[in-house]
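> Sequence and predicted model, in that order:
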Amino acid sequence: MSNRQIGLDACHEDDGYPQFEQSIKSTLESFGTVPLFTTNVGELFDVFLSNIPEDSRQYYNCHACRAFINRFGGLVAISDNGETHPVMWNGNAPDLFRESVQAMERAIQKAKVDGVFLSKDKVLGTPITGEWTHMHAILPRAFEERLHTVHEVMAERRADFILLKQSMGEYPVEAINQALLLLKADALYRSEKVSGVAEWFKSLHDACQKEKNGKVRDNLIWRAVALAPPGYCHLKNTMIGTLLDDIVSGMSLDDVGRRFAAKMHPLQYQRPQAAPSAGNIERAEAIVERLGIRASLERRFARLDEICTIWKPKESQPEAKTGGVFSHLTPKGKAPLSQTDAPQITITWRKFTETVLPDALGMEVYAPSIGNFSAILTAEHMDAPPIIQWDNADCRNPFSWYVYHGGSPASQWGISSGWTKVTAICLQPSMWYDANDHQGKGLVFILGGARDSNYNRSGNALFPEILKADLREVRSTIEAYSRSAKILGYEEASACGLRLQSDAPGGIIVKVLTNLGAVVYNIDRWD
């Protein structure tokens, strides 16, 4: 409490200060883990003190409480409609402090948001000095960034606000609508890589267009900055920015599509085209050391028993009837029908999962001589810190995959062209816990005995587009490392197979065994 001894004195024991101190903590707690923002409210403690009854002001004129109110008292949350809400003050404060709280709230409402607030300290303020307690609050979630300091990240958020606001003025909503139309119509190659940021930008643009108040529009942009995934605010430096530039310039849709496809080529997109500089290598060493991810860079082949599957063969499958002594005879009026006489059914993956997969007892895939054969990888050291985008400390998923651009021979994977047993089906790892992941949609039919014999000449598949944002600035060094690294665990690899992608041409031919017999399906597209 402000300038109050832990042992109450008789003069001020009924002023309600303990309740006031508790209300500060409970008010902040009620906002949960929403982003907090700084404002330019200025010296807020003067507002607080000047509205305390004059005969009590000196009692609450405290250095620790002054520092708390001036530093944290102006913090606000921003609602989804752009309104700001002070996070420290409750209008139902005890009588002695009610006018001060209301005056501070009015001052904060007039102020402008000027930054995203972050703190590595869980406790805001100084709870106790000697015999005295002071105003303080408990931050629901402290800043945990390991690579950058609080001040660096807050400065980055201010820069993000400026860049995003500039982009809002530079790209009209008509251009965004045109971009989204092309992306959603699958008219652009690998559109899933940028559709997420495009939809996010469109949503923000729409919200700001509905609001006439410039201050509220800025609040909406600040909120978007605080909640945006890494890189979203830097539209000018992303593929969506170049797409919008081409549309705004009046370029024909054919030219827009060709330029987009060239930039999104798997061997070009986010892939450094030159060796890393000495400075980049030095910076990469520092980042790896600071994040403690040296062991995270080692990758190995995954095993079938450790991946997340959506289908496996049933343990007991129906056996063919052996028949009696007359089983070879054909009844009158009934011609024999072999499995190959059944017509091949063309079907989408979505319909296949809904109508065929639930009853599938066993399965074979027709392995082409050259196809999208793929391997699933994972961390060699499972306790190493996450470096893959969809891998997080509270939900570990260190699995990834690779496929050769243009396909690879079946013989390279130790299988022959023709019918091959399917031991499982799994979605690509980025979809295991998030079906709408921006890496697109894909799955792998795991094939028995499939392993990539070319693995020791292919690097270890740490592609820049799957790594966490912390490593983006040193992606050229990571790429060079990946090209020379080896994938471990070849002898135990059992999670390799044929990949089906939502945005890739061609399909997969599957023979499915059910209680009624076998049927051949051509899964020609996702949905």
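That came in fine, so what should we check first? All of these numbers come straight from a predicted model, not from anything done at the bench. Numbering: from 1, shown residues only.
> quick one, helices of this structure?
17-30, 44-50, 63-72, 95-110, 150-170, 173-184, 192-209, 214-227, 239-248, 253-263, 278-291, 349-355, 475-484 (DSSP state H).
> Output the lowest mean pLDDT helix or strand found in this protein.
In the chain, the helix or strand scored least confidently by mean pLDDT, DSSP states H and E is strand 4-5, which has a mean of 48.
> of all the helices of the chain, which lies closest to Pro409?
Taking Cβ to Cβ as the measure, the helices of the chain were each checked against Pro409, and helix 475-484 came out nearest at 21.5 Å. Just so you know, the C-beta spots here come from the backbone N, C-alpha and C atoms, and that holds for glycine as well.
> show me where pLDDT drops low in the chain?
Counting by pLDDT under 70, the ranges of the chain that qualify are 1-14, 186, 189-190, 265-274, 315-342, 435-438, 503-506.
> Over to stretch 39-48 now: how far is its first residue from its last?
Stretch 39-48 has an end-to-end distance of 16 Å (criterion: Cα to Cα, to the nearest Å).
> Buried residues of it, list them for me.
Buried residues in stretch 39-48, defined by neighbour count with 16 or more other Cβ atoms under 10 Å: 39, 41, 44-45, 47-48.
> Relative to Leu243, which of these is nearest.
Sorting the buried residues of stretch 39-48 by distance to Leu243 puts Thr39 at the head of the list, at 35.6 Å, by Cβ to Cβ.
> Contact partners for the closest residue to that closest one other than its chain neighbours?
The shortest distance from Thr39 to any non-neighbouring residue, by Cβ to Cβ, 6 or more residues apart in numbering, is to Ala111 (4.0 Å). Counting by Cβ atoms under 8 Å, 6 or more residues apart in numbering, Ala111 touches 39-42, 74.
> between these, which is nearest Lys351?
Closest approach to Lys351 among these (Cβ to Cβ): Thr39, at 53.6 Å.
> Beta-bridge partners for that closest one, please?
Residues found in beta-bridge contact with Thr39 (criterion: DSSP bridges) are Val113.
> can you tell me which residues contact it?
Under the criterion of Cβ under 8 Å, 6+ apart, the neighbours of Thr39 are 74-76, 84, 108, 111-114.
> Check the residues you listed for burial and list the buried ones.
Applying 16+ other Cβ under 10 Å to these flags 74-76, 84, 108, 111, 113 as buried.
> okay, those residues in JSON lines with distance to Thr348 next?
JSON lines is the format used below for the buried ones among the contacts of Thr39 (distance: Cβ to Cβ, whole Å):
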{"residue": "Gly74", "distance to Thr348": "55"}
{"residue": "Leu75", "distance to Thr348": "50"}
{"residue": "Val76", "distance to Thr348": "48"}
{"residue": "Thr84", "distance to Thr348": "47"}
{"residue": "Ile108", "distance to Thr348": "54"}
{"residue": "Ala111", "distance to Thr348": "54"}
{"residue": "Val113", "distance to Thr348": "47"}
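> Now do Ala198: how many residues are near it, please.
When neighbours are counted by other Cβ atoms under 10 Å, Ala198 registers 23.
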